[in-house]
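Student: any chance you can model this:
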Amino acid sequence: MTTPYPAADGLVRVYPAETPNGTGLVWAHGGGFLFGDIDMPESDWVARQLAARGTTVVSVDYRLAPVPEEFHPGVEEAPGHVYPAGSDDMVTAIRWTREHADELGISLDALAVGGTSAGGNLAAGAALRLAGTAEAPALALLAYPTLLAVQPTPDAELRAALDANPDADRFGPASVLRMYENYLGGSIDDAPLPAIPGNATASDLAQYPTTFIVNGDTDELRVSGEFFAATLAEAGRAVDVLTEPGTQHGHLNRPEEPAAMRTIERFAARLSALVA
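Tutor: Take a look at the predicted model:
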């Protein structure tokens, strides 16, 4: 693979495809909106794997939300940026990629947006902001995304799996709500739809791009992805959602797990289909 390089005044890192197939992906890491970076595996490793399979990946070093005082034991308070900073960065990265598509070897009809966890939220929100315009991505690839600040209650099977594995039970109602309030810099009431894409109605999603969602298995955020997929289906949009068996939240950040490569292959196949 050609060596990755920074671009767009440091906003992105470009991973040129080893053998370009014309596809491109603007990609966002996770981290609860306030942690993570483009060097973590679910950013760097994912980008390298997809670039090796023909997709030029543009990884976005978006602005993070602040770390509040006493957020978590041992974690220091830090300044940051509330919504729409990270979302604006995603839209800017998509526009930059489109402007440089020719030199990047990307077909504009084969440019996707995607991300993991909170990055999946940013990707979904950016796709919502651009839906119905000439800048809209062709595909949204979302890995275990968080899309709702107030989630539906897990079904009995998922609740039992979470109860049996306390380490996986990290996204209860209070923690998810706090994450969104921190990201928004205040109440979730009247939050813009791109900040909480799962709040969108079928009519809001009438021009949303084709979407592929891979959820974690023992992961309460799974209900978020499933809920959003159901609304897209109600809107008549092309959407597929699956649960990666045997996974907890964040499996793309653990490349040593077989499930990480399974998801890479799923994403690579979806991207390749854009130019089939």
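Student: please report phi then psi for the residue positioned nearest the centre of the chain.
Tutor: Nearest to the geometric centre of the chain sits residue 120, at 1.7 Å (CA atoms, centre = their mean). Residue 120 adopts backbone torsions of phi -70, psi -40, taken as degrees, to the nearest 10.
Student: that one reaches residue 126, doesn't it?
Tutor: No - counting by CB atoms under 8 Å, residue 120 stays clear of residue 126, with 10.7 Å between them. All C-beta spots, glycine's among them, are computed from the backbone N, C-alpha and C.
Student: return the distance of the closest residue to residue 79 other than its chain neighbours relative to residue 30.
Tutor: Excluding the flanking residues, the one nearest residue 79 by CB to CB, 6 or more residues apart in numbering is residue 66, at 5.5 Å. Separation of residue 66 from residue 30 (CB to CB, to the nearest Å) stands at 17 Å.
Student: of the two, who's got more company?
Tutor: Between residue 66 and residue 30, counted using other CB atoms under 10 Å, the more crowded position is residue 30 (26 against 17).
Student: would you map the strands across the stretch 101-250 of the chain?
Tutor: With DSSP state E, counting those that start in this stretch as the criterion, the stretch 101-250 of the chain has strands at 111-116, 139-143, 210-215, 239-243.
Student: buried deepest among these, which one?
Tutor: Across these, the average number of neighbours (mean count of other CB atoms under 10 Å) peaks for strand 111-116, which reaches a mean of 30.
Student: not counting that strand itself, show me its contacts.
Tutor: Strand 111-116 is contacted from outside by 23-30, 42, 46, 90, 94, 97-98, 101, 120-123, 126-127, 137-145, 250, 252-253, 267, 270-271, 274, using CB atoms under 8 Å, 6 or more residues apart in numbering.
Student: and it, what's its mean pLDDT?
Tutor: For strand 111-116, mean pLDDT is 98.
Student: quick one on the thing from earlier: residues contacting the residue nearest to the centre of the chain?
Tutor: Counted by CB under 8 Å, 6+ apart, residue 120 has contacts 28, 30, 114, 142, 143, 144, 145, 146, 147, 225.
Student: how much space between the spatially closest residue to the fourth one that is not a sequence neighbour and residue 104?
Tutor: So the one you mean is residue 142. Counting by CB to CB, 6+ apart, residue 120 is the residue found nearest to residue 142 once chain neighbours are left out, at 4.1 Å. From residue 120 across to residue 104, the span is 23 Å (CB to CB).
Student: same question for residue 110.
Tutor: Distance check for residue 110 against residue 104: by CB to CB, it reads 11 Å.
Student: which one's more surrounded, the two?
Tutor: Shown here are residue 110 and residue 104; by other CB under 10 Å, residue 110 has more neighbours (22 against 19).
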